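Participant: need a 3D model of the following:
(2 chains)
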Amino acid sequence: MVKLNSGFYMVRCADKATSDKVKSNAISTMIFLDGDGKEYYRTIVGTTDTVEAAFKKASELYAKKPIAWATGEAASVVSGAKGDAKKLVALAFLDEKKDSETLVASLEDRWVAKYQERLIFTKVAYDKTSELCKKYNVTTAPTLLLVNPEQEDAKKSVVDSLVAKKELLSVRNFLAKAFDKLDKASKN
Amino acid sequence: MKKIAILALLALSGTAAARDSNVRWMKFDEAVAKSATNGTPICVFVSVNPNGSG
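Facilitator: Down below sits the predicted model:
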């Protein structure tokens, strides 16, 4: 058997405490959780084939996702994004260096891929002398700005910024915090 | 149903005997804590279900 389990942390649930945490209701169930501890797939298995199928499905559901970059000028992307309060524009100021590549790879990672549906990504070639960099006060690459398209004033529209950080954990924490804040604000 | 669970456990372990398995079984809280640092998914296998049948 191919080691399909190698990409997962394996937990055997045979006690009440774990059973309560995963809300297990049937023996021989495989329950899959993402990096945020949220369940994303559950199935009952019994044979090698069904176990393999479960691992394959779980890997497909929790997979890296390439970014669909918006086309056009950043300003027109921002103005065109108005109307959906749950979405933000992600302005990625990138250069040709490794750190920018790493930031993009982190944004495409399976852990943060779920945020992509709430973001409109725009790639901006970093040039510190450009009007856009001055407008948003961007002085280094990579910089990721989350912009609220409903806010007219450029500086006030920046919900949060990730400057010179590109590691997956930093990106994940940044996005989780930003959307948590946005969702709380929309409830009030 | 218990027999099926044992068969599944063997399949999960990928060896003839689960006790010789090369799978590193973790405690749930340990898995959640590690997963929260790198996004690695967690697979929980219910071999005994204290909350219901089986």
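
Participant: chain neighbours aside, what residue packs nearest to the residue nearest the centre of chain A?
Facilitator: When Cα atoms, centre = their mean is applied to chain A, the residue found nearest the centroid is A:V112 (2.3 Å). Excluding the flanking residues, the one nearest A:V112 by Cβ to Cβ, 6 or more residues apart in numbering or on different chains is A:R172, at 5.2 Å. C-beta: built from backbone N, CA, C; applies to glycine.

Participant: go on, B:N49?
Facilitator: Nearest one to B:N49, counting by Cβ to Cβ, 6+ apart, is A:I27 at 4.6 Å.

Participant: need the pLDDT of that neighbour.
Facilitator: With respect to pLDDT, A:I27 has a value of 87.

Participant: how much space between it and A:R12?
Facilitator: A:I27 is 12 Å from A:R12, where distance means Cβ to Cβ, to the nearest Å.

Participant: cool, A:S161 as well?
Facilitator: Distance, A:S161 to A:R12, using Cβ to Cβ: 43 Å.

Participant: of those two, who's got more company?
Facilitator: A side-by-side neighbour count of A:S161 and A:R12, using other Cβ atoms under 10 Å in any protein chain shown, places A:R12 first with 21 against 18.

Participant: name the element that one belongs to?
Facilitator: strand A:9-13 (DSSP states H and E).

Participant: adjacent strands (with direction) for that strand?
Facilitator: Here strand A:9-13 is paired, per DSSP bridges, with strand B:25-26 (parallel), strand B:42-46 (parallel).

Participant: returning to that earlier point: overlap of the contact sets of A:I27 and A:R12?
Facilitator: Residues touching both A:I27 and A:R12 (Cβ atoms under 8 Å, 6 or more residues apart in numbering or on different chains) are B:S47.

Participant: the strand holding A:R12: what's the following helix or strand?
Facilitator: Moving toward the C-terminus from strand A:9-13, the next helix or strand (DSSP H and E) is helix A:16-22.

Participant: where is the longest helix in chain A?
Facilitator: Counting residues, the longest helix in chain A under DSSP state H turns out to be helix A:168-187.

Participant: what packs against that helix?
Facilitator: Judged by 3 or more Cβ pairs under 8 Å, 6 or more residues apart in numbering or on different chains; DSSP states H and E, helix A:168-187 is in contact with helix A:98-108, strand A:143-147, strand A:158-163, helix B:28-38.

Participant: the ones you listed: which one's closest to A:L88?
Facilitator: Proximity to A:L88 (Cβ to Cβ) singles out strand A:143-147 among the helices and strands packed on helix A:168-187, at 4.7 Å.

Participant: ok, so what distance separates the residue nearest to the centre of chain A from A:V171?
Facilitator: 6 Å.

Participant: what does A:G37 give?
Facilitator: For A:G37, the distance to A:V171 equals 18 Å [Cβ to Cβ].

Participant: and A:I67, that's in a strand?
Facilitator: No. Assigned with DSSP: H, G, I helix; E, B strand; the rest coil, A:I67 falls outside any strand and is coil.

Participant: pLDDT at the nearest residue to it once chain neighbours are set aside, what is it?
Facilitator: The shortest distance from A:I67 to any non-neighbouring residue, by Cβ to Cβ, 6+ apart, is to A:F121 (5.0 Å). A:F121 is assigned 95 on the pLDDT scale.

Participant: pretty sure A:F121 is in a strand, no?
Facilitator: Yes. Under three-state DSSP, A:F121 falls within a strand.

Participant: so what sits opposite it in the bridge?
Facilitator: Bridge pairing for A:F121 (DSSP bridges) gives the partners A:W69, A:A90.

Participant: what sits against residue 39?
Facilitator: Reading this off chain A. Per Cβ under 8 Å, 6+ apart, neighbours of A:E39: A:22, A:31-33.

Participant: actually, chain B is the one I wanted.
Facilitator: Applying Cβ under 8 Å, 6+ apart, we find B:G39 in contact with A:34-35, A:109-112, A:168, A:172.
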